[in-house]
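K.L.:
need a structure here:
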Amino acid sequence: MGAYSIAWLIIVAAAASGVIVLYLALRSFSNSLIRNLILVVAVVFFVVPAPVPEYPGQLAPAFVVCIFEAFFQIDGAPMVSLRILLTAMASAGAVVAASHFLIQRFAARRTGS
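P.N.:
Residues are numbered from 1 along each chain as shown. The predicted model follows:
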């Protein structure tokens, strides 16, 4: 296993650990839709990949690429990674919201409400 694979395993493990801690912090939150949205969007925020400029074929977490390009590069281009990040977060949020409402609808139909 190469260094690139190990780096992504560390990223995924750190994101999973962070989401577990976030879940434990939010478990008393009464609104399950909001709680699930926060958890899923947090995972997506940390693990969605974006191409690294000037290094073809290399991917890094989109938020890291965006921050690096915005603050540490003189002629950085953070919009590509920002667009990828926001699109992935919005898509994940839409999937969670849609699945939540479908589950509620089928559960209500099943109980006869």
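
K.L.:
tell me how many other residues crowd S81.
P.N.:
By other C-beta atoms under 10 Å, the residues close to S81 number 27. Bear in mind the C-beta positions are built from the backbone N, C-alpha and C, glycine included.

K.L.:
let's number from 555 now, not from 1
P.N.:
Sure thing, new numbering starts at 555, so read that last one as S635.

K.L.:
part of a strand, is it?
P.N.:
No: S635 is assigned helix when assessed by DSSP: H, G, I helix; E, B strand; the rest coil, not a strand.

K.L.:
would you agree it is in contact with Q627?
P.N.:
No: applying C-beta atoms under 8 Å, one finds S635 not in contact with Q627, separated by 11.6 Å.

K.L.:
so which residues of the chain form helices?
P.N.:
All helices of the chain, identified by DSSP state H, fall at 557-580, 586-601, 616-625, 633-665.

K.L.:
which elements pack onto the longest one?
P.N.:
Think helix 633-665. With contacts taken as 3 or more C-beta pairs under 8 Å, 6 or more residues apart in numbering; DSSP states H and E, helix 633-665 sits against helix 586-601, strand 603-605, helix 616-625.

K.L.:
which residues make contact with the longest one from outside it?
P.N.:
Meaning helix 586-601. Among residues not part of helix 586-601, those counted as contacts by C-beta atoms under 8 Å, 6 or more residues apart in numbering are 565-566, 568-570, 572-573, 576-577, 580-581, 583, 615, 617, 639, 642-643, 646-647, 649-651, 654.

K.L.:
if we can go back for a sec, in CSV, list the helices and strands packed on helix 633-665 along with mean neighbour count.
P.N.:
Below are the helices and strands packed on helix 633-665 laid out as CSV (neighbours: other C-beta atoms under 10 Å):
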stretch, mean neighbour count
helix 586-601, 17
strand 603-605, 19
helix 616-625, 18
